[in-house]
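Student: okay, structure incoming, though there's no sequence with it:
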């Protein structure tokens, strides 16, 4: 699954490796990057020491050496248009692509990720009054193409910055489609965070008058500098109009509208804070949070790739689960109906999966509310079969968490224990009336 | 898939057949019913002429004759506690089970469907001041066990009542888990409706003080009698407190909370009407609706069972679609990310599916908003591969509609045309600001 282009396979390289090679009689070295959107299958992308990404035809590569897992050093922003103030708190912006880093191709009307983080900062110079900003463009992909393998690269990269005390916050620019998946992945992969990790994106590309990119980015910079919490959060428009930026936990947030600027909603929770990007201040909404740790963060990286997310529906075929058993999947997250149910005819195959040491975690496709498998016969049978109920966790968050958990243990009882432990407020023990459809 | 119990298979009978047989030296006849929740595998359920459902041990059945697709006549409610007023509009209540027809088993705390429609009406006698009510308990299942095969039985049954001019409305009591799937199925299966079909359920069983059953049921009866629209709708609490009952289109409604009484929300739409169950009146909210037809309704029954609903996520395995191709599926509904995207590495297998004459319809897992596959490269590639974008249709509604469509045609261009035609307001061409999270 998740195949890289042919060129990567032929060369036997993958993103993250530091390589040296001869190319058209020149010796080049740099880090292998994931392919761009629709990169030619004969090309691999390499980030050179000077910071540029180039596409290299695999057939022209000679004397390839794989050196190590290492990357070129990040530099401060070099553009002459940017004047940085060294007295301000230093933050790092890691670019991964998405609409916030995109421009409209006016010939075709298509939106493509093509803007570096530096260009973004150049376009929003007011952020330079808030922070001293360093940047690295790590990927340049639309977030529908984000994959667990890339979560790992992002986590490792961010972790390295976090170990450097100079940085007061990390910003990750990211497409909105799967932003909450990646923000959840980072929430789990880096524990005991010392600084906030702020994901930011936009629903309209930066070169459009209606773009939400600038305000979201300003909100993210304020959050990175000022937030008392050190969590993996998402900073996006709180309302459709240009008022405040909602800062929400990645693990409790979901993209709920295809196009609105206030698409990211806190589910079974409220935003941690609201940021006023004009007054440049932050109002804390949630009093319970994980504060900035004074100790070093802990990297618990790695996600098992043999995990599936399945929504239940009338007529769902048990053979789909049979297939996952056959393919030696290690985990299945079910988004059941109502309290987390599946049709009773699915219970035998769920039992079989669990007997094959596959962890089956249960969430609800209603999204809001809490799983409860004790009320109805079907739920009780599911519990007897050995499923792991996931409280009020979002299906997407449970998918990320189960992938993370299965990377760490083979033991099904350990899986159950980890899934039931509230690491980063991915579960809310107190669902109050005001948390529905907010 | 969707196997019936062993007893059904050994006898070669299925729900809906009218059969006659000798049982313990008595000749019995009636309609084969689906098994109850956790019916013993050796037992089939038969609805006898007198209206009672009995479980029959298959090994005791002698001289089995399959007579025809026919059912015993429905009777008016016979309980002596009920006094019906013949001057009131006549409606029919078709029971299918669910929490509204359930009681708590006090030994175990479990909730089980065990109440007949008559018992429900006995418990809520005020409805007898609104309508003359006939009833039939068709199924007694929890709605997670509802299946496309049962949608067909319900559609046929309702259609027969609708052809009788005596009835002014149909009510279907139903579990809430999959109520919007069944309400959507009926919306498509019976066209040119002459009377409203009102689905009603409850989040708490009728014997609990906090039950929403009574108010929802009163709201449903008022709707069946008074509604100017003849659509397949859901009547459930509009707010958590006992205020009004929202009457919403089945095709635009989704269960959005595991336990709240106001769990059913109109997505990309507003309720058709709000009913005041105390004043017994109805306020029309939506001015555009399908009015009660003066002509006979048209039954377009039948749902293709080889259709799957797949939510996309980072790391989704193309092999899952390969499996569906191999298993000769005829349709796949994808709930993509954002505007309806999948990872680009999925596009080749989608192309392969379409080349295998499988219809691939695209919705968004954001639920709110409209699919748009023209903005980003990934979407454009999906369109080029031949996917069918489903506008603002819910993934669940698209699943039901695609099953319905594929039962009617093999031709992929006809499928595209039917999926793009707005039959019962399953698509809303005008999404306004107020339709988000309402």
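Tutor: Looks like it came in fine. Please read these numbers as outputs of a predicted model, since none were measured by experiment. Residues are numbered from 1 along each chain as shown, chains lettered A, B, ... in the order given.
Student: can you list phi and psi of the residue nearest to residue A:352 when sequence neighbours are not counted for me?
Tutor: Once flanking residues are discounted, residue A:352 sits nearest to residue A:325: 6.3 Å by Cβ to Cβ, 6 or more residues apart in numbering or on different chains. (Glycine included, C-beta is placed from N, CA and C.) For residue A:325, the backbone dihedrals (degrees, to the nearest 10) come out as phi -60, psi -50.
Student: same question, residue A:27
Tutor: phi -90, psi 120.
Student: how much space between residue A:397 and chain B?
Tutor: Counting by Cβ to the nearest Cβ, to the nearest Å, the separation of residue A:397 from chain B is 11 Å.
Student: just checking, that residue touches residue A:182?
Tutor: No: judged on Cβ atoms under 8 Å, residue A:397 makes no contact with residue A:182 at a distance of 11.6 Å.
Student: between the two, which one's more packed in?
Tutor: Comparing residue A:397 with residue A:182 by other Cβ atoms under 10 Å in any protein chain shown, the one with more neighbours is residue A:397, at 30 against 27.
Student: next, the more buried one: secondary structure please.
Tutor: Using DSSP: H, G, I helix; E, B strand; the rest coil, the structure places residue A:397 in helix.
Student: spell out which residues of the stretch 101-250 of chain A are next to chain B.
Tutor: Taking Cβ under 8 Å from any Cβ of the partner chain as the criterion, the neighbours of chain B within the stretch 101-250 of chain A are A:109-112, A:142-148, A:151, A:175-178, A:181-182, A:240.
Student: mind redoing it with 6 Å?
Tutor: Taking Cβ under 6 Å from any Cβ of the partner chain, the part of the stretch 101-250 of chain A that reaches chain B is made up of A:110, A:111, A:142, A:144, A:145, A:146, A:147, A:148, A:177, A:178, A:181.
Student: and the helices in the stretch 101-250 of chain A?
Tutor: Along the stretch 101-250 of chain A, counting by DSSP state H, counting those that start in this stretch, helices occupy A:117-123, A:148-162, A:179-189, A:213-226.
Student: the stretch 301-438 of chain A too?
Tutor: Here the stretch 301-438 of chain A has its helices, by DSSP H, counting those that start in this stretch, at A:318-326, A:347-355, A:377-385, A:395-408, A:412-420.
Student: same for the second one, what does it pack against?
Tutor: Contacts defined by 3 or more Cβ pairs under 6 Å, 6 or more residues apart in numbering or on different chains; DSSP states H and E place helix A:347-355 against helix A:318-326, strand A:359-364, helix A:377-385.
Student: quick one, which of those is nearest to residue B:382?
Tutor: Across those, residue B:382 has its closest neighbour in helix A:318-326 (22.0 Å, Cβ to Cβ).
Student: average pLDDT for the closest one?
Tutor: On average, the pLDDT along helix A:318-326 is 98.
Student: next one: stretch A:380-399
Tutor: Stretch A:380-399 comes out at a mean pLDDT of 98.
Student: tell me the contacts of the residue of the stretch 301-438 of chain A found nearest chain B?
Tutor: Nearest residue of the stretch 301-438 of chain A to chain B, counting by Cβ to the nearest Cβ: residue A:369, 3.1 Å away. Going by Cβ atoms under 6 Å, 6 or more residues apart in numbering or on different chains, residue A:369 touches B:257, B:258, B:259.
Student: those residues: which ones sit near chain A?
Tutor: Within these, those near chain A by Cβ under 6 Å from any Cβ are B:257, B:258, B:259.
Student: please tabulate those residues in CSV, including the columns pLDDT.
Tutor: Below are these laid out as CSV (pLDDT from 0 to 100):
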residue, pLDDT
B:257, 98
B:258, 98
B:259, 96
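Student: dump these into a markdown table; add neighbour count and secondary structure as well.
Tutor: What follows is these, written out as a markdown table (neighbours: other Cβ atoms under 10 Å in any protein chain shown; DSSP: H, G, I helix; E, B strand; the rest coil):
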| residue | neighbour count | secondary structure |
| --- | --- | --- |
| B:257 | 24 | strand |
| B:258 | 28 | coil |
| B:259 | 17 | coil |
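Student: so which of those is the closest to chain A?
Tutor: Of all those, chain A sits closest to residue B:258, with 3.1 Å by Cβ to the nearest Cβ.
Student: that closest one contacts residue A:337, correct?
Tutor: No: if you go by Cβ atoms under 6 Å, residue B:258 and residue A:337 don't touch, sitting 9.6 Å apart.
Student: in the stretch 1-150 of chain A, where is pLDDT below threshold?
Tutor: By pLDDT under 70, the weakly predicted segments of the stretch 1-150 of chain A are A:1-3, A:36-39, A:50-52, A:69-81, A:106-107.
Student: looking at it, which residue is nearest chain B?
Tutor: residue A:144 (3.7 Å).
Student: count the residues that sit near the nearest residue to that residue once chain neighbours are set aside.
Tutor: What sits nearest to residue A:144 in space, not counting adjacent residues and going by Cβ to Cβ, 6+ apart, is residue B:341, at 3.7 Å. Neighbour count for residue B:341, taken as other Cβ under 10 Å: 31.
Student: ok, residue B:341 touching residue B:378?
Tutor: Yes: with contacts counted by Cβ under 6 Å, residue B:341 reaches residue B:378, the gap being 4.8 Å.
Student: what touches both of these two?
Tutor: residue A:144.
Student: and residue A:358, what does it touch?
Tutor: Residues near residue A:358 by Cβ under 6 Å, 6+ apart: residue A:329.
Student: thinking again about what came up before, what is the burial count for the residue nearest to residue A:352?
Tutor: Counted with other Cβ under 10 Å, residue A:325 comes out at 16.
Student: wait, it touches residue A:351, no?
Tutor: No: the pair residue A:325 / residue A:351 is not scored as a contact, 10.9 Å apart, by Cβ under 6 Å.
Student: kindly provide the distance from residue A:291 to residue A:245.
Tutor: From residue A:291 across to residue A:245, the span is 21 Å (Cβ to Cβ, to the nearest Å).
Student: I meant to write residue A:28 there.
Tutor: 41 Å.
Student: which one's more surrounded, the two?
Tutor: Ranked by neighbour count (other Cβ under 10 Å), residue A:28 and residue A:245 place residue A:245 first, with 29 against 16.
Student: check which residues of the helix or strand residue A:45 falls within are buried.
Tutor: If you go by DSSP states H and E, residue A:45 is part of strand A:43-48. Neighbour-count burial for strand A:43-48, with 16 or more other Cβ atoms under 10 Å in any protein chain shown as criterion, is recorded at A:43, A:44, A:45, A:46, A:47.
Student: can you list the strands that that strand pairs with?
Tutor: strand A:26-33 (antiparallel), strand A:53-57 (antiparallel) (DSSP bridges).
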